[in-house]
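Trainee: let me see the structure of the following:
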Amino acid sequence: MPGVRLRLDGVPFETNSRGIAQIQASSCGTHSLSALPPRRAPSGTRIHFARWVDDIFTANRRILITHPVDVQVGFNVDYRVKESFVDRHGDPVSSSRVSSVLQSNSLGSKEEFVPGQSRWLAGTRIIRRSFGLQQTLVLYSVRRVMIDGTNVVRQAQQRFYPRWAHDEKIHLLLYSLNIRAKDRLFGFPVGSGIRLTYPNGKVRTVPFQDGAHAYVGSLPRGTYHVSVTTNGMNTGVPIALTKSQVVTMDIVSYLDVAVFLGLLGGGAVALLLLRRPGLRARLDPRRVVRRGAKASGVATLLIGCMLLLGHVTNASAAGAKAARSPVPVLAYYYIWYTHGSWDRAKSDYPKLGRYSSDDIGVMRQQIKWAKSAGINGFIVSWKSTPMLNKNLHRLVQVARQEHFKLALIYEGLDFSREPLPASRVRADLVHFYRTYGHNPVFDIFGKPLVIWSGTWRFTPQEIASVSNAVRPRMLLLASQKSQEDYSDIARLVDGDAYYWSSVNPSSYPNYPQKLISMGAAVHQNGGLWIAPAAPGFDARLVGGTSVVPRNHGQTFREEMDGALQSSPDAVGVISWNEFSENSDIEPSLNHGSAGLRVLADMLGTNFSPRIDFDSSDPPASTFGYGSTVGVGLGFVAFTVLLGFLWRKGIRNARRA
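Mentor: Coordinates of the predicted model:
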């Protein structure tokens, strides 16, 4: 540091451009020595005395000189830094929207502040080593940025050194919502705007632009409630915003209702006219033929009414299903099966037979089924073994061909439920990243995601040793089972995925509140939250005692609803093919395709149970089966009624 002012016995001298100063003492003995910062610090810096190299002073700050002496003095430097904010595309975000920012630094301190003004931050600090003084740079981490009550950064993913970052740009997780509203029956634009309710309860009205279209940008993640301002049967829908969304809302307008009522009323009037006694008295066989033509017209009219009724009544269900789809749905997937695995602890078997997990044809069919039901990807159970490495390699190839996403759940516990050595976990995850780190199959959240199963059996020091080796190249999630346990290691991971397959919604009705609390804790720390949902559970054949009945799909529906209440970044369905614990939703001999049909109904997709290793997947649709079946049954009932009336009319005409 040049320009440091020193005095030896009152005689001034300064350091040169290399930070070195020399002076000749007048004699051997004790002398006074003092040091002051440079008179002119560089712009944007603040310099203050830190320490001398050693305890070189005697009483009254005097130094003993009996031979040539090298003395070190250190100064700490603060830097003026102003934080600004940008969205994921680099566009500026006003600091007035940010209510608070929480940062921590490598010195171990945290500071929460309201942005808008530049601040002095510790940039360099002087520490004493065995070889003398050493300068260290202070590293800052952004832990929380609050907008509208939501944390819009991932904890510790953004770091900076004040020495180099005088104008630090913090990237925020803000998303856009693109809403279109159209008439359910005729498809033309309807409405004057939308009413948008934020996760924190704030309400905002957004007018429509051209063609009943509203664009709302820069929204923090969370669950929003959207309703359209219009004259019609408008039902608001929740939208879980974890990425930018385009949503089309179908509105049943008064015109749709009028058309339906008109057709229904016209059919009723026509039917009454056919039943009038005066007409019946004038009937003859030729008139009966004409009456048959009229009845056919009435039947056609009634059929049209029923079809219209099905089309209109399906609007609310379709809109609600489409609203849930923005949250990715991932299913836990196991690749350890051999043909002999099915001989142990199994009471049900796959529809595809007792397969081996290395069968590419089986993998492809499973992915096709999953996509057809609305599943976005598999969370693959893995640790580095020759068999699992081979199976994972094949699965990655198939998933890439089928445009399907994958994540990992690393099995950190052995068969006896004992933790693996942390060095083994670290080596396996480094191997995984080097092999698949840039494969687009694993980019569901922008970078590979790994859930570390069994983190509750590892110490924070062991978790830190793995975390430091793989982050931030990948997202490392814990598998803690409570909010308190997660908070203890929150700074070491990128979130949490709770594998809770045995919860019974009937006996634990308040369990969604636990998920909500865990999700809030994870998001408060800027992490990813993957909430669990299972169709049922029975692990008695592998030593378990609890049983959660499927209740014809009701258990799965309740657990999906509970998971979605916690505003997850993804739902982890437990599981695709865990047949030992009977939590599987893969088509099987005992349950058929019931699990996938329930999931498809909740997600608004059209599941196809066909087995076809070669054909492509059917396109997804938001039109469910319930209204279609109802229309069909109504059509049959009205046809039988019309036939009965027709035959009765002919008999009465002949008697007359």
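Trainee: beta partners for the residue nearest to residue 524 when sequence neighbours are not counted?
Mentor: Once flanking residues are discounted, residue 524 sits nearest to residue 151: 5.8 Å by CB to CB, 6 or more residues apart in numbering. Backbone N, C-alpha and C define where each C-beta goes, glycine included. On DSSP bridges, the residues paired with residue 151 through beta bridges are residue 146.
Trainee: could you shift the numbering so residue one becomes 302, and keep it that way?
Mentor: Let's use 302 as the start, then, which means that last one is residue 452.
Trainee: distance check, the closest residue to residue 794 other than its chain neighbours against residue 539.
Mentor: The spatial neighbour of residue 794 that comes closest, neighbours along the chain excluded (CB to CB, 6+ apart), is residue 779 at 4.5 Å. Relative to residue 539, residue 779 is positioned 28 Å away (criterion: CB to CB, to the nearest Å).
Trainee: so which of those two has more stuff around it?
Mentor: Neighbour totals were compared for residue 779 and residue 539, and residue 779 leads with 28 against 14 (other CB atoms under 10 Å).
Trainee: ok, that one to residue 893 distance?
Mentor: The separation that residue 779 has from residue 893, given CB to CB, amounts to 36 Å.
Trainee: same check on residue 910?
Mentor: Relative to residue 893, and taking CB to CB, residue 910 is found at 8 Å.
Trainee: who's in contact with the most centrally placed residue in the chain?
Mentor: A centroid search over the chain (CA atoms, centre = their mean) returns residue 870, at 1.6 Å, as the residue closest to the centre. Residues in contact with residue 870, defined by CB atoms under 8 Å, 6 or more residues apart in numbering, are 522, 543, 628, 629, 746, 796, 829, 830, 831.
Trainee: quick one: the helices in this structure, in order.
Mentor: Using DSSP state H, the helices found in the chain span residues 555-575, 578-582, 586-625, 661-674, 687-702, 723-737, 761-771, 784-790, 812-825, 855-866, 895-904, 926-956.
Trainee: where does the chain have its least confident helix or strand?
Mentor: Counting by mean pLDDT, DSSP states H and E, the chain has its least confident helix or strand at helix 586-625, which shows a mean of 49.
Trainee: let me see the mean pLDDT of stretch 889-901.
Mentor: Here the mean pLDDT over stretch 889-901 is 93, rounded to a whole number.
Trainee: alpha carbons of it, as CSV, please.
Mentor: Output for stretch 889-901, consisting of C-alpha atoms alone and laid out as CSV, is shown next (Å, rounded to 0.1, in the frame of the first residue of the first chain):
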residue,chain,number,x,y,z
SER,A,889,-49.7,-53.1,-12.9
LEU,A,890,-51.7,-56.3,-12.6
ASN,A,891,-53.6,-55.4,-9.4
HIS,A,892,-54.2,-51.7,-9.9
GLY,A,893,-54.1,-51.4,-13.7
SER,A,894,-53.6,-47.8,-14.8
ALA,A,895,-55.7,-46.3,-12.0
GLY,A,896,-52.9,-44.2,-10.5
LEU,A,897,-52.0,-42.6,-13.9
ARG,A,898,-55.6,-42.0,-14.7
VAL,A,899,-56.1,-40.2,-11.4
LEU,A,900,-53.0,-38.1,-12.0
ALA,A,901,-54.0,-37.3,-15.6
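Trainee: can you give me the buried ones in that stretch?
Mentor: 889, 892, 894, 895, 896, 897, 898, 899, 900, 901 (16 or more other CB atoms under 10 Å).
Trainee: which of those residues sits closest to residue 395?
Mentor: Using CB to CB, residue 900 comes nearest to residue 395 of these, at 41.0 Å.
Trainee: that closest one contacts residue 673, doesn't it?
Mentor: No. Contact status for residue 900 versus residue 673: not in contact, 10.1 Å apart, counting by CB atoms under 8 Å.
Trainee: quickly list what's touching both of these two.
Mentor: Common neighbours of residue 900 and residue 673 are listed as residue 908 (criterion: CB under 8 Å, 6+ apart).
Trainee: give the residue spans of the stretch 602-751 of the chain that score low on pLDDT.
Mentor: Across the stretch 602-751 of the chain, the ranges flagged by pLDDT under 70 are 602-627.
Trainee: next up, the contacts around residue 787.
Mentor: Here residue 787 is in contact with 779, 781, 797, 819, 822, 823 (CB under 8 Å, 6+ apart).
Trainee: can you select the buried ones from these in ChimeraX?
Mentor: Buried members of those, identified by 16+ other CB under 10 Å, are gathered into one ChimeraX selection as follows:
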select :779,781,797,819,822,823
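Trainee: how about the contacts of residue 787 in TSV, adding pLDDT and distance to residue 882?
Mentor: What follows is the contacts of residue 787, written out as TSV (pLDDT from 0 to 100; distance: CB to CB, whole Å):
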residue	pLDDT	distance to residue 882
779	97	21
781	96	20
797	97	21
819	93	22
822	90	27
823	90	25
